[in-house]
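Visitor: Got a sequence here, can you model it:
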Amino acid sequence: MNIVVLVKQVPDTSAERTLSQADHLLDREDADLVLDEINERAAEEALTLKETADAHITVVSMGPDSALDAIRKVLAMGADRGIHICDDRLRGADLLTTAKVLAAAVRTVEDVDLVLAGNATTDGQASAVPAVVADLLGLPQLTHVRQLTVEAGQVSAERETEGGEATLKAPLPALVSVTEKINESRYPSFKGIMAAKKKPVDTIDLDDLFPDADDAGFLVTRTRVVEAVPRPPRAAGIRITDDGSAGRQLVEHLIAQKLV
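Guide: Residues are numbered from 1 along each chain as shown. Now for the predicted structure:
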C-alpha cells in the first residue's frame, strides 16, 4: 500500500507569536517552527497502518528551506521518502493554490492508495485544503476522522463534528483528514533520527510540477491581510463585595450584559 502524508511546518503554538509589520502575516523569521500537531497525528496514523500492512509512506510538504525539518521529523518517525515543494513564488499562496500544488505533488507518486492529512493546521485553520485536494485528485474524501480502519481495499472511518457522529466508508484510493483525537504521536528514536538522514527527499518547484504551464508560468493566487490591530489589553474585572446584596448585584450585571 502506498500512503502519502501531507504535512506543514508552522510557528509553535506554545511560543509567543507576532505579526509581521510588512504584510500582517505570522512572522516566521524569528518564530520557533515545528511540525504541525494535527499533521503529525496524520503521519502517526500512516505509521500505525504500516505496522499492520506492507506500506510505503511518502511525506509531502510545501514551504521554504526550513520545511525540510518537518519532513525529516516524519522520516525519523518511520516514513520512507519525502517530497519538498520549495519555490519562492509560492510565498503567501492561498488555499486554492496550496491545494493545486499539493495535488500535483501527490500525482508524482505512483499508485497512491491513501492520502492522509490533518483536518486543519494551527496557523491557518481553514480546514478546507484536504477536501480541495481530494476533489482535484478525484478521490473520495473522509474528513474530520477520529478513528480509521483500512482493510480489503476499503477505508472505514468514524467522523465527529459539531452536528454529531457518523461512520463513513469508501473504496481505495481515498483521502482522509484526521482530527487531534485520532491518536497520540510517537517520539522519533535516536536510531530513527540517524536513519532519516539517509532517506531520500526530492526537492521540486513549480516548473517541475507544472511543466506545461505557458510563458507566464503557473498562476499563484495569494491571501492578503489588509489590516491588523493588536489585541487590546485585558481590562480589570468587576469585583463584588458581599454585603448581603451580592446576589442582586450579580443578577443585575448579567442582565446588563444580556446574558440572562
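Visitor: Would you confirm that Thr149 contacts Ala157?
Guide: Yes - Thr149 is within contact range of Ala157, at 7.4 Å (criterion: C-beta atoms under 8 Å). C-beta here means a position set from N, CA and C on the backbone, and glycine is covered the same way.
Visitor: Which one's more surrounded, the two?
Guide: Ala157 (23 against 11; other C-beta atoms under 10 Å).
Visitor: And the helices in the stretch 101-250 of the chain?
Guide: 129-137, 190-196, 206-209, 246-256 (DSSP state H, counting those that start in this stretch).
Visitor: Name all residues that make contact with Arg89.
Guide: 205-206, 217-218, 220 (C-beta atoms under 8 Å, 6 or more residues apart in numbering).
Visitor: Hmm, which of these is lowest in pLDDT?
Guide: Within the contacts of Arg89, Gly217 has the lowest pLDDT, namely 71.
Visitor: thought that one was touching Asp205?
Guide: No - here Gly217 lies out of contact with Asp205, judged by C-beta under 8 Å, at a distance of 10.6 Å.
Visitor: higher neighbour count, these two?
Guide: Asp205 (16 against 11).
Visitor: Give me the pLDDT for the nearest residue in space to Gln9 that is not next to it in sequence.
Guide: Spatially, and ignoring its direct neighbours in sequence, Gln9 is nearest to Ala70 (4.0 Å; C-beta to C-beta, 6 or more residues apart in numbering). At Ala70, the predicted lDDT confidence score is 95.
Visitor: packing partners for the helix or strand Ala70 falls within?
Guide: Using DSSP states H and E, Ala70 falls within helix 67-77. Helix 67-77 makes packing contacts with strand 2-7, strand 9-11, strand 33-35, helix 37-52, strand 56-62, strand 81-85, helix 190-196, strand 201-204 when contacts are defined by 3 or more C-beta pairs under 8 Å, 6 or more residues apart in numbering; DSSP states H and E.
Visitor: hey, C-alpha coordinates of it in PDB?
Guide: C-alpha atoms of helix 67-77 as PDB (Å, rounded to 0.1, in the frame of the first residue of the first chain):
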ATOM      1  CA  ALA A  67      10.100  23.000   5.900                       C
ATOM      2  CA  LEU A  68      12.700  20.200   5.300                       C
ATOM      3  CA  ASP A  69      12.900  19.900   9.100                       C
ATOM      4  CA  ALA A  70       9.200  18.900   9.300                       C
ATOM      5  CA  ILE A  71       9.800  16.300   6.600                       C
ATOM      6  CA  ARG A  72      12.900  14.900   8.300                       C
ATOM      7  CA  LYS A  73      10.900  14.500  11.600                       C
ATOM      8  CA  VAL A  74       8.300  12.400   9.900                       C
ATOM      9  CA  LEU A  75      11.100  10.400   8.200                       C
ATOM     10  CA  ALA A  76      12.600   9.900  11.700                       C
ATOM     11  CA  MET A  77       9.300   8.600  12.900                       C
END
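Visitor: Residues contacting it, please?
Guide: 5, 7-9, 33-36, 39-40, 43-44, 47, 57, 59, 61, 63, 81-84, 86, 185-186, 188-189, 192-193, 195-197, 199, 201, 203.
Visitor: Just give me how far that helix sits from the chain centre.
Guide: 14 Å (C-alpha atoms, centre = their mean, to the nearest Å).
Visitor: in it, what counts as buried?
Guide: 67-68, 70-77 (16 or more other C-beta atoms under 10 Å).
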